[in-house]
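> any chance you can model this:
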Amino acid sequence: MKQTPILFNDEMVREILAGHKTMTRRAIKPQPVQPSDGSYFDAYNGGPQWNWWASDNRQHLEQIINCPYGKTGDLLSVEGVNGSLEITGVRVERLQDISEDDSMAEGIPFEGDQPSPRDNFSALWESIIGSGSWNANPWVWVIEFKRVDSGVSA
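Sure thing, here's the model as predicted:
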């Protein structure tokens, strides 16, 4: 099991502490490049590696990518959060494939008179990453986590 530091802004740390944020998305660097028509990006041996697969299920091994944040069971350390965050799942998807439920798991507050959680998430993404970053629709790591007790008492 490894432990990796990960940065969150103050608002997202508050959402983690409140139990509202259980997921984060981070752009894959460098972005994977589709080697041929019909190929798809998927986990190799269930992860933590990802690579392109041809439509006949042959692998393109020239672009094997490991998640730099870890795999299921590993820990993320976050400044301002006592204990560690345990990774409960890692997957890859395009940024704009985020669902309304996943937007809320990203810690996006939602009330009926506001835009949808997905719309609020896209605005947050652009405010953090920069103008045009939502429309670029990058491949992202989707990292699910839960708070775990560090075993240290106050």
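
> residues touching residue 47, list them.
Residue 47 makes contact with 67, 71, 72, 90, 91 under the criterion C-beta atoms under 8 Å, 6 or more residues apart in numbering. Where C-beta positions appear, they are placed from N, C-alpha and C, glycine not excepted.

> so how do I select the buried members of those residues in PyMOL?
Buried residues within the contacts of residue 47, by 16 or more other C-beta atoms under 10 Å, are selected in PyMOL with:
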select buried, resi 67+71+90
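
> show me where the protein has its strands.
Along the chain, counting by DSSP state E, strands occupy 3-5, 23-27, 40-44, 49-53, 59-66, 75-77, 84-94, 139-148.

> by contact count, what packs against the last one?
It refers to strand 139-148. The contact analysis (3 or more C-beta pairs under 8 Å, 6 or more residues apart in numbering; DSSP states H and E) places strand 139-148 against strand 23-27, strand 75-77, strand 84-94.

> wait, which of those is closest to residue 39?
Minimum separation from residue 39 across the helices and strands packed on strand 139-148 (C-beta to C-beta) falls at strand 84-94, 13.7 Å.

> note down every partner strand of that closest one and its orientation.
According to DSSP bridges, strand 84-94 has the following sheet partners: strand 75-77 (antiparallel), strand 139-148 (antiparallel).

> now do that strand: everything it contacts.
If you take C-beta under 8 Å, 6+ apart as the criterion, strand 84-94 is touched by 3, 6, 16, 28, 41-43, 47-48, 50, 67, 69-78, 137-148, 150.

> mind doing that once more with 6 Å?
If you take C-beta atoms under 6 Å, 6 or more residues apart in numbering as the criterion, strand 84-94 is touched by 41, 47, 50, 67, 70-72, 74-77, 137, 139, 142-146, 148.
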